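Trainee: give the three-dimensional model of this entry:
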Amino acid sequence: MSSIQLPATRPSRPPWNKGRLIGQKRPLLPRQVWAIRARLELADNLRDLALFNLAIDSKLRGCDLVRLRVADLVAGGNVRDRVSVIQSKTGRPVQFEVSENTRRSVLAWVTSSLMLGQVYLFPSRFHSSPHISTRQYARLVHDWVSAIGLDPSGYGTHSLRRTKAALIYRKTGNLRAVQLLLGHTKVDSTVRYLGVELDDALSIAEKIDI
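Mentor: Numbers count the residues shown, from 1 in each chain. Predicted structure coming up:
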C-alpha cells in the first residue's frame, strides 16, 4: 500500500514590518525642530547640533548627508551660505542654502579639537569607515525625536529631509521650487514625497489666473 507524500511545511516567519509603522515619515514641526535644537545646544553636543541643523537646511538624503566633506562647506575659514553637491541616487547636482544658525554650528564643530585633520564633516569613530553610516545617522534621529517625547516609529531620516521642504510648500504652494530643492527629476515625485492631495492641488490652481 503506497503512502501519500505530503508537502513539507516550514514554520512561518512573522513579517519583517510587524508592529512597525511603514510608509512616509512625518516631517518635524517648527516647534519640534527648536525643541531638539535646544536640547543639543544645552548638551553642548557640537557634532549632533551641526548634523541636525545641516540635515534640516540641506534636505539631503541620508546617504549624501553623511558623505559631506569639510571642503564642501568650508572655504577660507568660513562656512558657505550656498552649497552644491552631486546626489548619489541620481548623479545630478543639487544646491541648498545654509542658514546663519547652521553656519555657526558647523563652524563650531569643524574648528573643535575633534575635527583636527579630518576630511569628512561627520567622521566615523571606527577605522573601517571614513564617515558615520546611514544606520548610525538613523539611530541619532531616533534618539533626537525620542528625547522630546515623539514616537520614533513615526519619524526617520526622511523626516529631516522633508521638514523644510514641507514648510516651504505650505507657505508658498510652489511645487517647482520644492522639486528643485529636493533634487527630484520629476514634479510628480515631489507630489508623492510631500503627500500633496487633490485639495492642495486645487487650492494652488485657484490662485492662478490666466
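
Trainee: for the protein, what are the low-confidence residue spans?
Mentor: Applying pLDDT under 70 to the chain flags residues 1-23, 196-210.

Trainee: just the helices in it please.
Mentor: 30-42, 46-58, 62-65, 70-73, 100-110, 134-147, 157-172, 175-182, 187-194, 198-206 (DSSP state H).

Trainee: tabulate those helices (CSV), appending distance to Pro93.
Mentor: Bear in mind the C-beta positions are built from the backbone N, C-alpha and C, glycine included. Formatted as CSV, these follow (distance: least, Cβ to Cβ, whole Å):
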stretch, distance to Pro93
helix 30-42, 26
helix 46-58, 13
helix 62-65, 11
helix 70-73, 12
helix 100-110, 20
helix 134-147, 21
helix 157-172, 17
helix 175-182, 11
helix 187-194, 17
helix 198-206, 27
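
Trainee: nearest to Ile86, out of those helices?
Mentor: Smallest distance to Ile86 across the helices of the chain (Cβ to Cβ): 8.3 Å, for helix 62-65.

Trainee: what packs against that closest one?
Mentor: If you count contacts as 3 or more Cβ pairs under 8 Å, 6 or more residues apart in numbering; DSSP states H and E, helix 62-65 packs onto helix 46-58, helix 134-147, helix 157-172.

Trainee: of these, which is nearest Val85?
Mentor: Using Cβ to Cβ, these put helix 46-58 closest to Val85, at 8.2 Å.

Trainee: for the closest one, name the packing helices and strands.
Mentor: Judged by 3+ Cβ pairs under 8 Å, 6+ apart, the packing partners of helix 46-58 are helix 30-42, helix 62-65, strand 93-97, helix 100-110, helix 134-147, helix 157-172.

Trainee: with distance to Ser189 added, can I get the ones you listed in CSV?
Mentor: Shown next, in CSV, are the helices and strands packed on helix 46-58 (distance: least, Cβ to Cβ, whole Å):
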stretch, distance to Ser189
helix 30-42, 24
helix 62-65, 16
strand 93-97, 13
helix 100-110, 26
helix 134-147, 20
helix 157-172, 12
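
Trainee: would you turn those into CSV with distance to Leu180 and mean neighbour count?
Mentor: Output for those, formatted as CSV (distance: least, Cβ to Cβ, whole Å; neighbours: other Cβ atoms under 10 Å):
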stretch, distance to Leu180, mean neighbour count
helix 30-42, 22, 15
helix 62-65, 16, 19
strand 93-97, 8, 15
helix 100-110, 19, 18
helix 134-147, 24, 17
helix 157-172, 10, 20
